[in-house]
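Novice: With the input below, show me the fold.
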Amino acid sequence: QVQLVESGGGLVQPGGSLKLSCTASGSTDDFAQYGMGWYRQSSFGAGRERLATISGRGAPNYADSITGRFTISRDNAKKAIYLQMEDVKPEDSGIYYCTTPRNGRDYWGQGTQVTVSS
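Specialist: Numbers count the residues shown, from 1 in each chain. Okay, here's the model as predicted:
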């Protein structure tokens with residue numbers, strides 16, 4: 001079992017910045033071997049959207065919607081991943097989840113709310 005806890009969400013003005021964190025616990029001795037990702041459940045009715053993934057070795061992959069504005073990173077020693085959000089837009093509002101695959105299933109955190117509004 002793996003537990004994921006996201007943090008760092010909140011209210012931010014358009015054009016501002018925010019950094020999200022996701023910390024893993026439980027059966028995570030092999031944390032560095034697994035990829036992880038950030039998804040978003042939009043506040044505007046769209047489904048859960050993949051934003052960025054990062055391999056165990058740190059290779060990132062981004063959705064077109066956030067390329068150039070968001071940066072995913074990881075700290076294997078801290079068993080954590082991060083999402084640095086820059087130049088945020090109102091359409092970035094939503095619940096942000098981190099996820100990782102283990103033993104044939106995907107684990108998800110409870111999410112952290114991001115609201116972009118002036």
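Novice: Tell me which residues of stretch 111-118 come out buried.
Specialist: By 16 or more other C-beta atoms under 10 Å, the buried positions in stretch 111-118 come out as 111-112, 114, 116. The way it works is simple: take the backbone N, C-alpha and C, and place the C-beta from them, glycine included.
Novice: Stretch 70-85 too?
Specialist: For stretch 70-85, by 16+ other C-beta under 10 Å, it's 70-72, 74, 79-83, 85.
Novice: Pro101 contacts Gly37, correct?
Specialist: No - the criterion here is C-beta atoms under 8 Å, and Pro101 misses it with Gly37 at 9.1 Å.
Novice: Counting neighbours, go ahead and name the busier of the two.
Specialist: Gly37 (21 against 13; other C-beta atoms under 10 Å).
Novice: picking up where we left off before, filter the buried residues of stretch 111-118 down to the ones in strands?
Specialist: Taking DSSP state E as the definition of strands, those contribute 112, 114, 116.
Novice: Closest one of those to Lys89?
Specialist: Distance to Lys89 across these (C-beta to C-beta) is lowest for Val116, with 6.1 Å.
Novice: who touches the closest one in this structure?
Specialist: Going by C-beta atoms under 8 Å, 6 or more residues apart in numbering, Val116 touches 11-14, 16, 88-93.
Novice: now, the most widely separated pair of these?
Specialist: Pairwise distances across the contacts of Val116 peak at 15.3 Å for Leu11 and Glu91 (criterion: C-beta to C-beta).
Novice: Who does the residue nearest the centre of the chain form a beta bridge with?
Specialist: For the chain, the residue nearest the mean C-alpha position is Trp38 (2.9 Å; C-alpha atoms, centre = their mean). Assessed by DSSP bridges, Trp38 has beta-bridge partners Ala52, Cys98.
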